[in-house]
Structures are given as C-alpha cells and as structure tokens.
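Student: pasting the structure only:
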C-alpha cells in the first residue's frame, strides 16, 4: 500500500509519531485492519480559521502571479476566506480564543486583512499552492503544496494560530521535495498571523526565517524515521513500532484519535 508523507505532517510527527501515524494519509487504515479501534478525528476551529485565511492569502498571491505583481482587491481576498470558512466551520470544536462561529468569522476577516496589507506587499511570487511529489522508493512518496515560492527561490508559508510553533521540518520537506523536482531553493520564511481573542486588537504578523540547509537536514532525518517506523509496524503490528509522547501538548482526546484506545496505553491520570 502506497504511503504519501506530507511535508506539513513532519513537525507533528516529531512531536508524537503514534498520534500522527493515525492520520488518514498515513497508517490509519492499516492500524484498523490490524484490529485496533481508533476514535473519530475531531476538527478544531483553529485549523478551520487557518485554512480560511490561507484561502484569502492564496487568492491574493494568485492574482499577483497572473498580473506580475498586482494583488486582487482586499474585499475579494476577504470574500474568498469567508467562503472557505463557512463551508468548513460546521461540527468544529471551538476553544477559548474562538468560542463561537461568529467570532471565528470576525477573526478570519481581520487575519486575512493583516496578511493582505502587511505580508503580501513584501512577496513577489513565482508560484502559489502548487502540489509536488517525489518518489522515495518502496511505495513511499513525499508530497507537499508550498504556499508560495518567491522569485529568486525563497519559500514562504503562512501560519495562523494562538501560539507560534517551530515548523522548520515542514519547510525543509518542501526544500527536499522541490529539489527532487529540479528546482533550487534559497531560503524559508514563515509569516505568522496570530489568532487572538476578538476583544483584543489583531496582533501584527511576525516573520520567522530559517536556514534552509538546517531545515532540510531536519526533514530528511524525520522522513527516514517515518520510513523505518512504518516498515517496522507493518512487520510487527505492534504500536510500539511508533513511539508515543505523553508530554506532548496535544496528548488528549481532543487532538489524538489513539488516545484512550488499546493502540496507545498513555492516558492522563485523574487528579486525586
């Protein structure tokens, strides 16, 4: 069975291989076929807000690619983001930062505007949101869809969230992937647009710059680990072929479909 390793999954795999192996694009079906029962995945509002802002950002970048530098109107970018949000928000788990659907919509609007006005003017895109694949052998593929490749070969990725998390492995994966497709990569920047409570002003975007050689090294070691872990699980059907991290901030039933199942014995003990 072919396995597609998504560049965007690499940072999460480093945090907890067992949790990430349960993803549909990795081993979920094989884990279930081995006799384990996994819980249904839950959809967090943070991911939906982020995906929606990405849609508005992509609309902006597509127009810059088409016209040679001119973005679409701000209202068009916002409209695209809201269409994406409204089509994905049902059945989401809300949180303290985004407690309801209306709040999420307002956050999407202001985060999209922050990207449009403070990030997009700095970017001269060569392409945006193009998917690439590379054959790793033995039925394994590396795949990814970088947000933007700038003229000159610099990768850029937009991130939205209540907390910024290091994602150099993802950028390194894109570097490995694009080099395999005969493209030269000069660097990797992450534009972080914070998701903050609606009672507070929208925080300004932050740009985090990574050394691409270090990011690619990080990605390659993770890719090799994934290949070895999956091969071991296929031989043994043993969950311990995939290490687990109970110290992860995402260790819990909200984020992990293995939590509380026979596939993962780790569970937070009740307070006495």
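Tutor: Good, I have the coordinates. Only a predicted model underlies this, so the values are computations on that prediction, with no experimental measurement involved. Numbering: from 1, shown residues only.

Student: for the stretch 151-272 of the chain, which spans come out with low pLDDT?
Tutor: 269-272 (pLDDT under 70).

Student: run through the residues that contact the closest residue to residue 15 other than its chain neighbours.
Tutor: Of all residues not flanking residue 15 in the chain, residue 248 sits nearest, at 5.2 Å (C-beta to C-beta, 6 or more residues apart in numbering). Just so you know, the C-beta spots here come from the backbone N, C-alpha and C atoms, and that holds for glycine as well. Going by C-beta atoms under 8 Å, 6 or more residues apart in numbering, residue 248 touches 15, 16, 19.

Student: want to throw those into CSV with neighbour count?
Tutor: Below are those laid out as CSV (neighbours: other C-beta atoms under 10 Å):
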residue, neighbour count
15, 15
16, 25
19, 23
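
Student: which ones among those residues are found in helices?
Tutor: Judged by DSSP state H, the subset of those located in helices is 15, 19.

Student: output the contacts of residue 248 in TSV, with distance to residue 56 appended to each entry.
Tutor: Listed next are the contacts of residue 248 as TSV, based on distance: C-beta to C-beta, whole Å:
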residue	distance to residue 56
15	28
16	31
19	29
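
Student: just the contacts of residue 248 now: which is nearest residue 148?
Tutor: residue 15 (25.2 Å; C-beta to C-beta).

Student: please give me every residue in contact with that closest one.
Tutor: 245, 248, 250.

Student: and the next helix or strand past the one helix or strand residue 55 maps to?
Tutor: Using DSSP states H and E, residue 55 sits within helix 45-67. Next helix or strand after helix 45-67 toward the C-terminus (DSSP H and E): helix 74-88.

Student: not counting sequence-adjacent ones, nearest residue to residue 164?
Tutor: Residue 164 sits nearest to residue 192 (C-beta to C-beta, 6+ apart), 4.8 Å away.

Student: how far is the strand or helix carrying the one you found from where the chain is centred?
Tutor: Assigned by DSSP H and E, residue 192 falls within strand 187-194. How far strand 187-194 lies from its chain's middle: 12 Å, per C-alpha atoms, centre = their mean, to the nearest Å.

Student: buried residues in the helix or strand just after it?
Tutor: Helices and strands here follow DSSP H and E; after strand 187-194, the next one along the chain is strand 206-210. By 16 or more other C-beta atoms under 10 Å, the buried positions in strand 206-210 come out as 208, 210.

Student: stretch 209-218 too?
Tutor: 210, 212, 215, 216, 217, 218.

Student: which ones among the residues you listed map onto strands?
Tutor: residue 210 (DSSP state E).

Student: among the buried residues of stretch 209-218, which one sits closest to residue 10?
Tutor: Nearest member of the buried residues of stretch 209-218 to residue 10, counting by C-beta to C-beta, is residue 218, at 7.9 Å.

Student: wait, doesn't that closest one sit right on residue 169?
Tutor: Yes - Residue 218 lies in contact with residue 169 (C-beta atoms under 8 Å); the separation is 4.7 Å.

Student: overlap in contacts of those two?
Tutor: Common neighbours of residue 218 and residue 169 (C-beta under 8 Å, 6+ apart) are residue 10.

Student: burial check on the closest residue to residue 37 other than its chain neighbours, number of neighbours?
Tutor: Sequence neighbours aside, residue 261 is the residue nearest to residue 37 in space, at 5.9 Å (criterion: C-beta to C-beta, 6+ apart). The local packing of residue 261 (other C-beta atoms under 10 Å) involves 18 other residues.

Student: and what of residue 93?
Tutor: For residue 93, using other C-beta under 10 Å, the count is 14.

Student: if I look at it, how far off is residue 69?
Tutor: Separation of residue 93 from residue 69 (C-beta to C-beta, to the nearest Å): 40 Å.

Student: quick one: which of the buried residues of stretch 209-218 is nearest to residue 127?
Tutor: After measuring these against residue 127 - C-beta to C-beta - the closest member comes out as residue 212, at 17.4 Å.

Student: perfect, I'm done here.
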